[in-house]
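K.L.:
I would like the atomic coordinates for the input below:
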Amino acid sequence: MRRWLMLLPLAIFLVVAVFLYRGLYLDPAELPSAMIGKPFPAFSLPTVEGDKTLTKADILGKPALVNVWATWCIACKVEHPVLNKLAQQGVTIYGINYKDVNADAKKWLVEFHNPYQLGISDADGSLGLNLGVYGAPETFFIDAKGIIRDKFVGVIDEQVWREKLAARYQALVDEAKP
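P.N.:
Next up, the predicted model:
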């Protein structure tokens with residue numbers, strides 16, 4: 001019995017070591033989302049411009065990226081030029097300005113250009129919470145019916161778009177064609 005008790009710490013150490021070793025090879029951009037396959041949450045929030053209130057109905061009708069961003073997010077500044085380029089190429093992008101000062105967001109969009117067809121101001125983070133957002137930037141892929149089909153966590157740069165995300169978006173566009 002004593003011998004078993006002496007081996008117990010070694011066994012616990014080995015189990016923990018295996019889990020930690022496995023974690024070294026996980027992709028942090030592949031965070032699971034309970035929202036995949038579910039409808040985009042209902043919301044009623046002002047635009048970043050503050051001129052009207054947007055609801056879920058405003059983002060339905062065509063496949064789109066829903067990009068969660070903020071002016072306090074350094075990675076969002078890196079991602080923003082790529083989003084501008086994608087918007088110029090016809091990619092539909094809606095923005096959720098997450099837990100941010102609205103005046104700062106308006107200034108950012110003037111200074112760095114606005115790739116968003118609709119800009120949703122989520123100052124208190126309620127929509128982000130309903131989406132299960134960990135932080136910014138995060139991008140959700142929604143189909144024409146507003147079903148969340150995929151999620152990407154992290155900066156979308158040109159390589160990530162080309163190698164990982166463009167095909168996902170194109171599949172949604174192709175699926176929406178009559």
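
K.L.:
who are the contact partners of the spatially closest residue to residue 50 that is not a sequence neighbour?
P.N.:
Counting by CB to CB, 6 or more residues apart in numbering, residue 50 lies nearest to residue 102, which is 6.6 Å off, once chain neighbours are set aside. In short, each C-beta sits where N, CA and C put it, glycine included. The contact partners of residue 102, by CB atoms under 8 Å, 6 or more residues apart in numbering, come to 46, 48, 50, 121, 123.

K.L.:
could you flag which of these are buried?
P.N.:
46, 48, 121 (16 or more other CB atoms under 10 Å).

K.L.:
residue 47 and residue 54 touch, don't they?
P.N.:
Yes: with contact defined as CB atoms under 8 Å, residue 47 reaches residue 54; the gap is 5.9 Å.

K.L.:
and for these two, which residues touch both?
P.N.:
118, 120.

K.L.:
just the pLDDT at the residue nearest to residue 50, thanks.
P.N.:
Per-residue confidence (pLDDT) for residue 102: 94.

K.L.:
that one and residue 163, how far apart?
P.N.:
According to CB to CB, to the nearest Å, residue 102 stands 35 Å off from residue 163.

K.L.:
same thing with residue 40?
P.N.:
26 Å.

K.L.:
who has more neighbours out of the two?
P.N.:
residue 40 (22 against 9; other CB atoms under 10 Å).

K.L.:
what's the closest non-adjacent residue to the more buried one?
P.N.:
With CB to CB, 6+ apart, the residue lying closest to residue 40 is residue 146, at 4.5 Å.

K.L.:
can you give me every residue that contacts that neighbour?
P.N.:
Contacts of residue 146 (CB under 8 Å, 6+ apart): 39-40, 56, 59-60.

K.L.:
again with residue 60
P.N.:
Counting by CB under 8 Å, 6+ apart, residue 60 has contacts 144-146.

K.L.:
quick check, nearest of those residues to residue 177?
P.N.:
Of all the contacts of residue 60, residue 177 sits closest to residue 144, with 9.8 Å by CB to CB.

K.L.:
quick check, that closest one in contact with residue 59.
P.N.:
No: if you go by CB under 8 Å, residue 144 and residue 59 don't touch, sitting 10.1 Å apart.

K.L.:
these two - which one has more neighbours?
P.N.:
With neighbours defined as other CB under 10 Å, residue 144 and residue 59 compare such that residue 59 has more, 19 against 15.

K.L.:
tell me the spacing between that one and residue 65.
P.N.:
For residue 59 relative to residue 65 (CB to CB), the value is 11 Å.

K.L.:
likewise residue 112?
P.N.:
Applying CB to CB to residue 112 and residue 65 gives a distance of 17 Å.

K.L.:
those two - which one has more neighbours?
P.N.:
Relative neighbour count places residue 65 above the other of residue 112 and residue 65, with 25 against 15, counting by other CB under 10 Å.
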